[in-house]
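Student: mind folding the following:
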Amino acid sequence: MSQLTTPAAWAEKTQHTLDAVRDAMAGNKKRTFTDHWTEDAVREPLLALIGRKCWYCETIIQRADVNVDHFRPKSEVHGEPGHRGYWWLAYDIANYRISCKHCNSGGARFDGVPEGRAKSTRFPLLAGPRAWKPRDDLSLEQPVLLDPARSGDADLLGFDTSGRARRSATPYSSAETRSGVCRADETIRILALNATHITNQRCHLMLEIGELAQITGSSISEALIAKKVSPTAQWSAAASTALALQRACALPRDATAQPAAVRPTALPIDPGRLRVDLRDLLVYLDPAELAAGIELTGHYNKEECRAVLHHDGRISVWKRPWGTPTSAARAATGRDDIDGWEFWRLTIAGVEQSLAEFRATHTPPGAPT
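Tutor: Purely as a prediction, here's the structure:
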């Protein structure tokens with residue numbers, strides 16, 4: 001975003017609109033945001049950065065209007081009563097992100113069922129004070145949603161070989177562990193980045209990359225790979241992941257025999273983490289039951305929600321794996337404010353308990369809580 005400059009004529013025009021918005025607020029009148037962000041003066045420079053594709057899901061936008069999303073919503077903030085939005089950023093080009101309709105306003109589906117809350121006016125914070133007025137320091141906010149224009153955020157998103165978006169191997173930040181929220185999982189959930197259509201096509205692309213990468217010495221295959229991993233290409237991040245995986249598999253292996261791993265009696269706790277992760281507690285569960293999948297239940301609106309806890313610590317809801325109990329609970333209920341540790345319950349030796357109770361019982365002495 002640093003290479004973008006705001007056209008002088010456009011900036012002058014939008015300043016008049018913003019002044020009118022400010023006057024309306026001062027007089028407690030209805031605000032009117034003229035959609036100057038749809039004008040070519042700013043939309044074309046944004047599109048020139050990585051082409052006509054959604055910055056969130058990387059899908060090429062064909063035969064549909066390109067949405068210019070306000071990363072910090074301009075008129076209101078979902079789940080923040082009384083907040084009148086980041087209205088002073090309504091015409092700040094640095095607050096704009098190119099978005100497809102599904103990421104911006106919903107409509108994505110999983111196995112025929114609508115899913116995803118869509119970006120819309122959602123801008124949850126992981127930590128830090130929220131800005132309410134122009135002079136507040138935006139740098140103190142720690143957003144939950146991954147920002148495609150922020151350096152480092154894209155590295156938190158990875159892909160498995162089936163084409164599903166998931167958390168990369170990057171360690172959780174202290175704010176994530178403190179809140180029990182995974183930024184990547186919440187972004188995947190809200191934007192429906194694993195909708196059936198996009199996941200299937202990502203999988204096909206990754207398989208294609210793997211096959212092309214095995215053709216050695218071919219300038220044609222190398223050119224095709226370069227085209228598919230280009231930043232302007234559709235789902236280039238998944239393509240790059242597939243290429244890196246194929247190259248890693250092609251490296252010569254160390255033939256030196258390694259000793260068999262010994263199952264620990266308790267998993268080590270990273271002292272840098274502020275809360276125990278669900279994966280740290282798996283050792284206290286029956287290995288056979290865990291291998292088969294342990295059923296979790298929760299209740300919302302007088303209905304029972306079901307999930308399965310797997311051997312890697314991930315929780316499946318409607319066949320979709322989540323890395324934290326909270327994202328799994330929010331996917332099951334459609335709510336953005338559920339604490340998954342309190343929501344999910346499991347039964348051990350005939351005793352039903354919440355994951356929070358299970359954690360409290362089995363947190364090792366001296367571990368962060």
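
Student: do a quick rundown of the helices in the stretch 51-200 of the chain.
Tutor: Applying DSSP state H, counting those that start in this stretch to the stretch 51-200 of the chain gives helices spanning 101-105, 174-179, 183-191, 196-213.

Student: hmm, who's touching the next helix or strand after the longest one?
Tutor: The C-terminal neighbour of helix 196-213 among helices and strands, as given by DSSP states H and E, is helix 219-228. When contacts are defined by C-beta atoms under 8 Å, 6 or more residues apart in numbering, helix 219-228 is touched by residues 205, 208, 209, 212, 213, 215, 233, 236, 239, 243. For the C-beta atoms, the positions are set from N, CA and C on the backbone; glycine is no exception.

Student: farthest pair in those?
Tutor: 215 and 236 (19.8 Å; C-beta to C-beta).

Student: roughly how far does the closest residue to residue 88 other than its chain neighbours sit from residue 81?
Tutor: Of all residues not flanking residue 88 in the chain, residue 134 sits nearest, at 4.2 Å (C-beta to C-beta, 6 or more residues apart in numbering). From residue 134 across to residue 81, the span is 20 Å (C-beta to C-beta, to the nearest Å).

Student: how about stretch 161-174: buried residues?
Tutor: By neighbour count with 16 or more other C-beta atoms under 10 Å, stretch 161-174 contains the buried residues 163, 164, 165, 166, 167, 172, 173.

Student: show me the contacts for the last one.
Tutor: Right, the one you point to is residue 173. 126, 183.

Student: for the helices of the stretch 51-200 of the chain, which one ends up most surrounded?
Tutor: Among the helices of the stretch 51-200 of the chain, helix 183-191 has the highest mean neighbour count (mean count of other C-beta atoms under 10 Å), at a mean of 25.

Student: which strands and helices lie in contact with it?
Tutor: Helices and strands touching helix 183-191, by 3 or more C-beta pairs under 8 Å, 6 or more residues apart in numbering; DSSP states H and E, are strand 157-159, strand 165-167, helix 325-333.

Student: from memory residue 96 sits against residue 66, does it?
Tutor: No. With contact defined as C-beta atoms under 8 Å, residue 96 does not reach residue 66; the gap is 11.1 Å.

Student: for those two, indicate the residue with more neighbours.
Tutor: residue 96 (22 against 17; other C-beta atoms under 10 Å).

Student: residue 298 falls within a strand, correct?
Tutor: Yes. Counting by DSSP: H, G, I helix; E, B strand; the rest coil, residue 298 is part of a strand.

Student: next one: it from residue 335, what distance?
Tutor: In terms of C-beta to C-beta, residue 298 sits 11 Å off from residue 335.

Student: again, but for residue 222
Tutor: Counting by C-beta to C-beta, the gap from residue 222 to residue 335 is 48 Å.

Student: same thing with residue 214?
Tutor: 45 Å.

Student: same deal with residue 164?
Tutor: For residue 164 relative to residue 335 (C-beta to C-beta), the value is 23 Å.

Student: repeat for residue 219
Tutor: 53 Å.

Student: neighbour count winner among those two?
Tutor: residue 335 (14 against 7).

Student: residue contacts, the nearest residue to residue 361 once chain neighbours are set aside?
Tutor: Leaving aside its sequence neighbours, residue 361 sits nearest to residue 353 (C-beta to C-beta, 6+ apart; 7.8 Å). Counting by C-beta under 8 Å, 6+ apart, residue 353 touches 345, 346, 347, 361.

Student: dihedrals phi and psi, residue 353?
Tutor: phi -150, psi 160 (degrees, to the nearest 10).

Student: check residue 80 too.
Tutor: According to degrees, to the nearest 10, residue 80 has phi -120, psi 80.

Student: can I assume it is in contact with residue 131?
Tutor: No. Residue 80 is beyond contact range of residue 131, at 11.0 Å (criterion: C-beta under 8 Å).

Student: so which of the helices and strands packed on helix 183-191 is nearest residue 145?
Tutor: Across the helices and strands packed on helix 183-191, residue 145 has its closest neighbour in strand 157-159 (11.3 Å, C-beta to C-beta).

Student: so for residue 151, what's the pLDDT?
Tutor: Note for residue 151: predicted pLDDT of 88.

Student: repeat for residue 280
Tutor: 85.

Student: neighbours around it, how many?
Tutor: For residue 280, using other C-beta under 10 Å, the count is 21.

Student: which stretches of the stretch 251-369 of the chain form strands?
Tutor: Using DSSP state E, counting those that start in this stretch, the strands of the stretch 251-369 of the chain run over 294-300, 303-309, 315-317, 320-322, 345-348, 351-354.

Student: lowest average pLDDT across those strands?
Tutor: strand 320-322 (a mean of 91).

Student: returning to that earlier point: which stretch among the strands of the stretch 251-369 of the chain comes nearest residue 282?
Tutor: Nearest of the strands of the stretch 251-369 of the chain (C-beta to C-beta): strand 303-309, 8.4 Å.

Student: what sits up against that closest one?
Tutor: Residues contacting strand 303-309 (C-beta under 8 Å, 6+ apart): 278, 285, 290, 293-299, 315-317, 328-329, 332-333, 344, 346.

Student: same thing with stretch 10-21?
Tutor: By C-beta under 8 Å, 6+ apart, stretch 10-21 touches 31, 32, 33, 34, 36, 39, 41, 42, 87, 88, 90, 91.
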